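Sequence first, then the predicted structure:
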Amino acid sequence: MRDLRNGFALPLKLGPRLAFDLLRHPGWALRTARHGAPRFANFEPYAERGSSTQSLAQLMAGQSSGRLDWALLREIRDCWPGQIILKGVSASQDAVKAAETGIDAVWVSNHGGRQLSSAPAPLDAIPEIRRALPPSFPLALDGGIRSGEDMIKALAAGADFVFAGRPFLYAIAALGPSGASRLITQFAYELENPMAQIGWSDLDLKDGAG
Ligand SMILES: Cc1cc2nc3c(=O)[nH]c(=O)nc-3n(C[C@H](O)[C@H](O)[C@H](O)COP(=O)(O)O)c2cc1C
């Protein structure tokens, strides 16, 4: 699966635009030359290091084949003694079925809108899902969370846990490794003002608060 379009052949092929990027970001160019292009560590058992973007995309597409139906989920449940969180749920009927199948928590998500452009926004989907499940059933949410205020909306709409994906990529791309902790500090800061505005003194009190 090794593809020679990685490495130095690629900039030459892509021409002046990439050469311009290399000149503007020599540190990045040197790191890439030394360590190779960034890769998904979780793909490593399945794809050779240095595989092309196209072959990784094919591998990924093979993972989304629609084979995961409720019967298979039941089999997985019966085989796996640990906890299972089902990610990608956006309909209350599916959330209820997941709970009936013995799933421990549901993660309301459209995978960042990257799989199906028309998938509903998790923030729109979660209130009905929350109403359909017992209050103590754990619900997580991600997708489009960009600020502390977004987190408050998700929590108020029924989430027990809120996650962010791409903001961490952006923060690290902009600031390097320290970007991740900087973003967490920023999120914490952004939570404080809306909490004060709506009278939440503690996130644990959200269910009892106005
Ligand atoms: C580069 C990238 C790769 C992702 N790969 C997966 C994946 O393999 N499986 C998955 O369930 N979600 C995947 N996601 C979706 C994230 O887990 C998460 O649901 C999404 O990024 C949340 O939305 P946000 O980025 O708007 O916060 C990926 C997201 C990005 C940006």
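Here it is on my side, so go on.

need the residues of this protein near the ligand, please.
Residues of the chain lying near the ligand by Cβ under 6 Å from any ligand atom: Lys87, Ser109, His111, Gly112, Arg114, Asp142, Gly143, Gly144, Ile145, Ala164, Gly165, Arg166. In short, each C-beta sits where N, CA and C put it, glycine included.

Check the secondary structure at the first one for me.
Three-state assignment for Lys87 (DSSP: H, G, I helix; E, B strand; the rest coil): strand.

Is it in contact with Ala105, as I believe?
No. Between Lys87 and Ala105 there is no contact under Cβ atoms under 8 Å: 9.4 Å.

More neighbours: the two, which one.
The residue with more neighbours, out of Lys87 and Ala105, is Ala105; 17 against 13, by other Cβ atoms under 10 Å.

Can you get me a residue count around the nearest residue to that one once chain neighbours are set aside?
Among residues not flanking Ala105 along the chain, Pro138 sits closest, at 3.9 Å (Cβ to Cβ, 6 or more residues apart in numbering). Per other Cβ under 10 Å, the neighbour tally for Pro138 reads 14.

Pretty sure Pro138 sits against Asp160.
Yes. Applying Cβ under 8 Å, one finds Pro138 in contact with Asp160, separated by 5.2 Å.

What's the separation between Trp200 and the ligand?
According to Cβ to the nearest ligand atom, to the nearest Å, Trp200 and the ligand sit 22 Å apart.

circling back: just the buried subset of the residues of the chain next to the ligand, written out for ChimeraX, thanks.
Restricted to buried positions by 16 or more other Cβ atoms under 10 Å, the ChimeraX selection for these reads:
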select :109,111,142,143,144,145,164
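
mind listing which of the residues of the chain next to the ligand are in strands?
Judged by DSSP state E, the residues of the chain next to the ligand include Lys87 as members of strands.

quick one: which of the residues of the chain next to the ligand sit in helices?
With DSSP state H as the criterion, helices contain Arg166 from among the residues of the chain next to the ligand.
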